[in-house]
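Colleague: could you work out the structure for the sequence below:
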Amino acid sequence: MQAKKNIAKAGLETYVDIREGDALETLKTFNQTVDLVLIDGWMHLALDVLRILDPLIRPGGIVISDNVNTFKDSLKSYVDFLQNPVNGYQSSTLNLKGGTEFSVKVRRHDEN
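Modeller: Numbering: from 1, shown residues only. Prediction:
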């Protein structure tokens, strides 16, 4: 897998956890604090994956989402979730290639 090679080349393998397989299954047992999430691909699963990881993303954690303008219809509910302050994120769409959503978790979802 190219991602593993790139991470190893950068010397970051001790900081990165790549899980291969069905994300909805492999992430069910994940129970570590998350600093950064990259959502890129399988647009119809983006919100489901985020909902699994959301309780684990620390305040100050970052979610980066690729192609949010290219797949605007498919990612509408996902982007709406990130841009709704009630969900605990500050989020903005950056005009990079097909649109990149850059989101920072400012508080836990269940805090008021």
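Colleague: rest of the way, CA atoms for contacts and neighbours
Modeller: OK.
Colleague: show me where this structure has its strands.
Modeller: Ranges of strands within the chain are 34-39, 57-66, 89-94, 100-105, based on DSSP state E.
Colleague: tell me the most buried of the ones you listed?
Modeller: strand 100-105 (a mean of 21; mean count of other CA atoms under 10 Å).
Colleague: which other helices and strands contact that strand?
Modeller: Contact analysis of strand 100-105 by 3 or more CA pairs under 8 Å, 6 or more residues apart in numbering; DSSP states H and E lists strand 57-66, strand 89-94 as its packing neighbours.
Colleague: make CSV out of these and add distance to residue 2.
Modeller: As requested, the helices and strands packed on strand 100-105 are arranged in CSV below (distance: least, CA to CA, whole Å):
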stretch, distance to residue 2
strand 57-66, 18
strand 89-94, 26
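Colleague: output the ones you listed in JSON lines; the columns should cover mean pLDDT and distance to residue 101.
Modeller: Formatted as JSON lines, the helices and strands packed on strand 100-105 follow (pLDDT from 0 to 100; distance: least, CA to CA, whole Å):
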{"stretch": "strand 57-66", "mean pLDDT": "96", "distance to residue 101": "5"}
{"stretch": "strand 89-94", "mean pLDDT": "96", "distance to residue 101": "4"}
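Colleague: ok so, going back, so which of the strands of the chain is nearest residue 21?
Modeller: strand 34-39 (14.7 Å; CA to CA).
Colleague: what segments of this protein are helices?
Modeller: 2-9, 23-26, 46-53, 76-83 (DSSP state H).
Colleague: and these as CSV, adding mean pLDDT?
Modeller: CSV is the format used below for the helices of the chain (pLDDT from 0 to 100):
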stretch, mean pLDDT
helix 2-9, 89
helix 23-26, 89
helix 46-53, 95
helix 76-83, 96
